[in-house]
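Asks: dropping a prediction and its sequence here:
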Amino acid sequence: MAAAKPISVEVWNPSGKYRVVSTKSMPGTRWIRLLTDNDCRLEICTDPKTILSVDDILALIGNRCDGVIGQLTEDWGEVLFSALKRAGGTAFSNMAVGYNNVDVEAANRNGIAVGNTPGVLTETTAELAASLTLAAARRIVEADQFMRAGLYEGWLPHLFVGNLLKGQTVGVIGAGRIGSAYARMMIEGFKMNLIYYDLYQATRLEKFVTAYGLFLKANGEQPVTWKRAATMEDVLREADVISLHPLLDKTTYHLINPERLAIMKKEAVLVNASRGPVIDEVALVEHLKKNPMFRVGLDVFEDEPYMKPGLAECKNAVVVPHIASASKWTREGMATLTALNVLGKIKGYPVWGNPNQVEPFLDENATPPPACASIACHLQNFRDVVGHIQSEYVGSDYY
Ligand SMILES: NC(=O)c1ccc[n+]([C@@H]2O[C@H](COP(=O)([O-])OP(=O)(O)OC[C@H]3O[C@@H](n4cnc5c(N)ncnc54)[C@H](O)[C@@H]3O)[C@@H](O)[C@H]2O)c1
Ligand SMILES: O=C(O)[C@H](O)CO
């Protein structure tokens, strides 16, 4: 096999015993300190390419590498995991909670633990989903463009009329950590009623809505209500706003398809901050064109970084470039968790007991616990991944 092309890196703590590679520079410095203070030589890729190819990453792994911090845009399969194993590596962490870019079986075959970053991005991502909901419902982007184009001539009764959220129904598909956080924001913030669909019951979320409903009633206001839908179609038929928060797997690929779009309300708002392929984007573009009152807010796209033809021209779509977890605190925390996942595995630490409670790892003023913060897939601990890592925490009771 031809030697892989060298790729530029920035080296920290050159004499460190363990070699850790990060395929990207990440926000903050704590993650760097945690690794270098623990005898790691850290190499951060400085190649300006946005998405590294498998060959680029092979070059980074080289002949000796203990662990890699990678990105959701990279294709982590047999080629990379077997190379990492040959280089003596045991640890990989995705800088993301979702790891649909990772072939966990290949990682398992090669004895590589796979880490992810749950919890630290829950509120940040839910807040972006809420922002997209408001932007789509109240036509913020269209109105902004109108202003900047110098078209505003004065207040008019029909100008950019949108949807009121109060008293309407918010539908959540995938009421896990982020879906539940989003639901709470929309219910508490806008007094919306909830209908949700998940494989598991979101008991804590249900209790929250019940208690909030009682509070409103006691104060002479219309109480909010909740319903766990028996089918996804029930959510799509009943909700005025629908936000998608499941993981991407075979069961959620093209979950929103032409048939399901057809049963949604003509003036519904659909939001996606999960993964692009959860929506059949070609069908969505058709639907947007035929139904100008139907609006979407999209953070993710089927063929990122591209949009399907026609989407960019749809005025009833608000589109942002996969920035849902992009708050400073969250991105720095994600970097910390990925570093601690890799470091913990290299040091032989146990897997942290609850991947939904990662706060002890994020305290800047304390030494993190001697544990792998969140390992989604591990040779001796291949407990879920397909059945889902958080299977011990089912009931979606994270939030
Ligand atoms: N846009 C972004 O930047 C961004 C940021 C964070 C997370 N995400 C995506 O959001 C996803 C969810 O993250 P999370 O932390 O809330 O995960 P989570 O595991 O807490 O929640 C996922 C929920 O989806 C449910 N689910 C699985 N299959 C389903 C199905 N077929 N139908 C209905 N529900 C189903 C699960 O039971 C679970 O409750 C991630 O996997 C990731 O892909 C995107
Ligand atoms: O899965 C994730 O974490 C996001 O897509 C990036 O934050």
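Replies: Thanks, I have it. Numbers count the residues shown, from 1 in each chain. Ligands and ions are numbered 1, 2, ... in the order given.

Asks: how does this protein divide up, domain by domain?
Replies: Structural domains assigned to the chain are 9-120+326-392, 122-319, following automatic domain parsing.

Asks: what's the mean pLDDT across the last one?
Replies: Domain 122-319 shows a mean pLDDT of 98.

Asks: what about the helix or strand containing residue 337, near ligand 2?
Replies: Here residue 337, judged by DSSP states H and E, is contained in helix 328-346. No: counting by Cβ under 6 Å from any ligand atom, ligand 2 has no neighbours in helix 328-346; the shortest distance is 6.7 Å. (Glycine included, C-beta is placed from N, CA and C.)

Asks: buried ones in whatever helix or strand comes next after that helix?
Replies: Using DSSP H and E, the helix or strand that follows helix 328-346 in sequence is helix 359-362. Neighbour-count burial for helix 359-362 flags 361-362 (criterion: 16 or more other Cβ atoms under 10 Å).

Asks: what is helix 359-362 packed up against?
Replies: Judged by 3 or more Cβ pairs under 8 Å, 6 or more residues apart in numbering; DSSP states H and E, the packing partners of helix 359-362 are helix 328-346.

Asks: helices and strands around the helix it packs on, which ones?
Replies: strand 18-22, helix 30-36, strand 67-70, strand 91-94, strand 113-115, helix 122-137, helix 359-362, strand 375-377.

Asks: can you get me a residue count around whichever residue of the stretch 51-200 of the chain sits closest to ligand 1?
Replies: Nearest residue of the stretch 51-200 of the chain to ligand 1 (Cβ to the nearest ligand atom) works out as residue 176 at 1.9 Å. Using other Cβ atoms under 10 Å, residue 176 has 29 other residues around it.

Asks: so which residues of the stretch 51-200 of the chain form helices?
Replies: 54-61, 78-86, 104-109, 122-137, 140-148, 177-190 (DSSP state H, counting those that start in this stretch).

Asks: got those as CSV, with distance to ligand 2 columns?
Replies: Converted to CSV, the helices of the stretch 51-200 of the chain look like this (distance: least, Cβ to the nearest ligand atom, whole Å):
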stretch, distance to ligand 2
helix 54-61, 19
helix 78-86, 19
helix 104-109, 15
helix 122-137, 7
helix 140-148, 22
helix 177-190, 9
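
Asks: go through the ones you listed and name the closest to residue 93.
Replies: Residue 93 sits nearest to helix 104-109 of all the helices of the stretch 51-200 of the chain, at 11.0 Å, using Cβ to Cβ.

Asks: send the alpha carbons of the closest one over as CSV?
Replies: C-alpha atoms of helix 104-109 as CSV (Å, rounded to 0.1, in the frame of the first residue of the first chain):
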residue,chain,number,x,y,z
VAL,A,104,-19.9,0.8,15.7
GLU,A,105,-19.6,-2.8,14.7
ALA,A,106,-16.3,-2.1,12.9
ALA,A,107,-15.1,-0.3,16.1
ASN,A,108,-16.2,-3.2,18.2
ARG,A,109,-14.4,-5.7,15.9
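
Asks: so which residues on the stretch 101-250 of the chain come close to ligand 1?
Replies: 118, 121, 125, 173-179, 197-200, 245-248.

Asks: show me where pLDDT drops low in the stretch 1-150 of the chain?
Replies: In the predicted model of the stretch 1-150 of the chain, residues 1-4 satisfy pLDDT under 70.

Asks: residues of the stretch 101-250 of the chain that sit close to ligand 2?
Replies: residue 121.

Asks: quick one: closest of the helices of the stretch 51-200 of the chain to residue 154.
Replies: When the helices of the stretch 51-200 of the chain are compared by Cβ to Cβ, helix 140-148 sits nearest residue 154, at 12.4 Å.

Asks: which of the residues in the closest one are buried?
Replies: Residues of helix 140-148 classed as buried: 140-142 (neighbour count, 16+ other Cβ under 10 Å).

Asks: how far does that helix sit from the chain's center?
Replies: Mean-position distance between helix 140-148 and its chain equals 28 Å (Cα atoms, centre = their mean, to the nearest Å).

Asks: for it, output the C-alpha coordinates as CSV.
Replies: Included here for helix 140-148 are C-alpha records, laid out as CSV according to Å, rounded to 0.1, in the frame of the first residue of the first chain:
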residue,chain,number,x,y,z
ILE,A,140,-38.4,36.5,10.7
VAL,A,141,-36.0,35.8,7.8
GLU,A,142,-38.4,36.9,5.1
ALA,A,143,-39.2,40.1,7.0
ASP,A,144,-35.5,40.8,7.6
GLN,A,145,-34.7,40.4,3.9
PHE,A,146,-37.7,42.7,3.1
MET,A,147,-36.3,45.4,5.4
ARG,A,148,-32.8,45.1,4.0
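
Asks: which other residues reach that helix?
Replies: The contact list for helix 140-148 (Cβ atoms under 8 Å, 6 or more residues apart in numbering) reads 134-135, 152, 160, 315, 318.

Asks: now the residues you listed: which count as buried?
Replies: 134-135, 318.

Asks: out of these, flag the one nearest to residue 227.
Replies: Of all those, residue 227 sits closest to residue 134, with 23.2 Å by Cβ to Cβ.
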